[in-house]
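**Q** Provided below are the primary sequence and the corresponding predicted coordinates.
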Amino acid sequence: MPDRSSYPDGAPCWADLNAPDLESARRFYGAALGWEFQDKGPEYGHYTMCLWKGKPVAALMPPPPSADSLAPAWNVYLSTGDIERTIAAVESGGGKIAMGPHDIPDAGRLAFAFDPQGASFGLWQPGVHAGARLYGEPGAMAWNELYTTAGGAADAFYAGLFPYRQRQIGDEVNFDYTTWTPEGADREVCGRLRVTDPAHDLAAGGGSPFWSVYFAVADVDETAKQVAALGGSVLQSPFDSPYGRLSVVKDPSGAAFTVITLAF
């Protein structure tokens with residue numbers, strides 16, 4: 001897939017990991033996903049770009065000194081052309097702003113928020129940095145979805161932030177899933193799953209609603225084996241779906257993500 005230089009408003013555009021041990025995370029993801037790394041230096045808190053084919057596709061970051069107890073987790077950022085407007089919509093829709101907006105020199109503006117059910121997500125207003133430079137190919141992000149206990153309420157909240165076209169999949173009882181397409185876009189960019197067994201289905205998110213990140217790999221069965229061999233764990237063994245073969249895993253620090261070999 002060609003380079004990505006922009007993302008429509010509402011599309012997941014970036015993901016970074018709260019990594020309590022940066023060197024351990026580099027070893028794991030370098031071996032499991034084939035990434036190389038670029039440390040941005042102490043002036044950026046050693047924020048570390050994950051590179052595939054020399055291009056940034058995600059990042060690792062050590063927790064700030066004030067957040068030593070922050071749980072290891074992948075953070076998903078939604079692109080916005082007007083972060084102030086989106087922040088106002090978060091608050092008017094019953095969500096909370098946890099941080100920002102902050103200017104990131106030579107990159108863009110960010111904020112961090114919680115939706116009404118408690119799922120955290122980032123907002124990114126691009127400057128020079130639009131987000132992941134590659135998408136939908138092995139080594140890069142390929143999908144994102146919200147795991148939540150509230151189906152229609154979550155749909156309504158996020159549609160208040162961005163004018164998504166939301167398409168229902170399933171019967172809303174046994175499988176309540178919607179896909180979201182940003183205004184003016186020609187493809188779905190993320191999904192929402194209403195969990196039916198919170199104790200089990202939210203385990204990857206520490207028991208709370210959360211945004212998940214999918215990374216494409218060439219061979220999901222082999223990657224799942226590598227994850228286990230590298231000290232991670234396989235939460236859901238590889239299985240087939242209409243979109244590809246996938247597996248839910250955790251890295252050695254306990255941060256969950258999904259790997260997928262795309263069907264197309």
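**A** Sure thing, it's come through. Residues are numbered from 1 along each chain as shown.
**Q** what sits against the nearest residue to residue 206 once chain neighbours are set aside?
**A** Among residues not flanking residue 206 along the chain, residue 71 sits closest, at 5.8 Å (Cβ to Cβ, 6 or more residues apart in numbering). In this view, the C-beta of every residue, glycine as well, is placed from N, C-alpha and C. By Cβ atoms under 8 Å, 6 or more residues apart in numbering, residue 71 lies in contact with 18, 206, 254.
**Q** give me that answer again for 10 Å
**A** Neighbour list for residue 71: 18, 20, 63, 205, 206, 208, 253, 254, 255 [criterion: Cβ atoms under 10 Å, 6 or more residues apart in numbering].
**Q** report the separation between the second one and residue 233.
**A** The spacing between residue 20 and residue 233, counted by Cβ to Cβ, to the nearest Å, is 16 Å.
**Q** the more surrounded of these two?
**A** Legend: neighbour count by other Cβ atoms under 10 Å for residue 20 and residue 233, higher for residue 20 (17 against 14).
**Q** the contacts of residue 71 in helices, which ones?
**A** The members of the contacts of residue 71 all map outside helices under DSSP state H.
**Q** hmm, which two among those are most spread apart?
**A** Across the contacts of residue 71, no pair lies farther apart than 20 and 208, at 18.6 Å, counting by Cβ to Cβ.
**Q** can you give me the strands in the stretch 51-200 of the chain?
**A** 55-61, 74-79, 96-104, 108-114, 120-126, 141-148, 165-169, 177-181, 190-194 (DSSP state E, counting those that start in this stretch).
**Q** so for residue 45, which of those strands sits nearest?
**A** With Cβ to Cβ as the yardstick, what comes closest out of the strands of the stretch 51-200 of the chain is strand 55-61 (6.7 Å).
**Q** next, the buried residues of the closest one.
**A** Buried residues in strand 55-61, counted by 16 or more other Cβ atoms under 10 Å: 56, 57, 58, 59, 60, 61.
**Q** for the fourth one, which non-adjacent residue is spatially closest?
**A** Translated: residue 59. residue 16 (4.0 Å).
**Q** output the below-cut-off pLDDT ranges for this protein.
**A** 1-2, 65-69 (pLDDT under 70).
**Q** and the protein, what are its domains?
**A** 12-126, 141-262 (automatic domain parsing).
**Q** on that earlier part again, compare the strands of the stretch 51-200 of the chain and give me the one nearest residue 247.
**A** Here strand 141-148 is closest among these (Cβ to Cβ), at 13.0 Å.
**Q** if we can go back for a sec, can you put the domains of the chain in JSON lines and add distance to residue 134?
**A** Shown next, in JSON lines, are the domains of the chain (distance: least, Cβ to Cβ, whole Å):
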{"stretch": "domain 12-126", "distance to residue 134": "5"}
{"stretch": "domain 141-262", "distance to residue 134": "8"}
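**Q** burial count for residue 219?
**A** Neighbours of residue 219 using other Cβ under 10 Å come to 14.
**Q** any idea how far the closest residue to it other than its chain neighbours lies from residue 143?
**A** Once flanking residues are discounted, residue 219 sits nearest to residue 261: 6.2 Å by Cβ to Cβ, 6+ apart. Per Cβ to Cβ, residue 261 is found 12 Å from residue 143.
**Q** who touches both of those two?
**A** 216, 243, 244, 246.
**Q** okay, and which of those map to strands?
**A** Of the shared contacts of residue 261 and residue 143, the ones assigned to strands by DSSP state E are 216, 244, 246.
**Q** list the buried residues for stretch 236-244?
**A** 238, 244.
**Q** who does residue 214 bridge with?
**A** Beta-bridge pairing for residue 214 (DSSP bridges): residue 143, residue 258.
**Q** now it: how far from residue 246?
**A** 7 Å.
**Q** overlap of the contact sets of these two?
**A** 142, 143, 258, 259, 260, 262.
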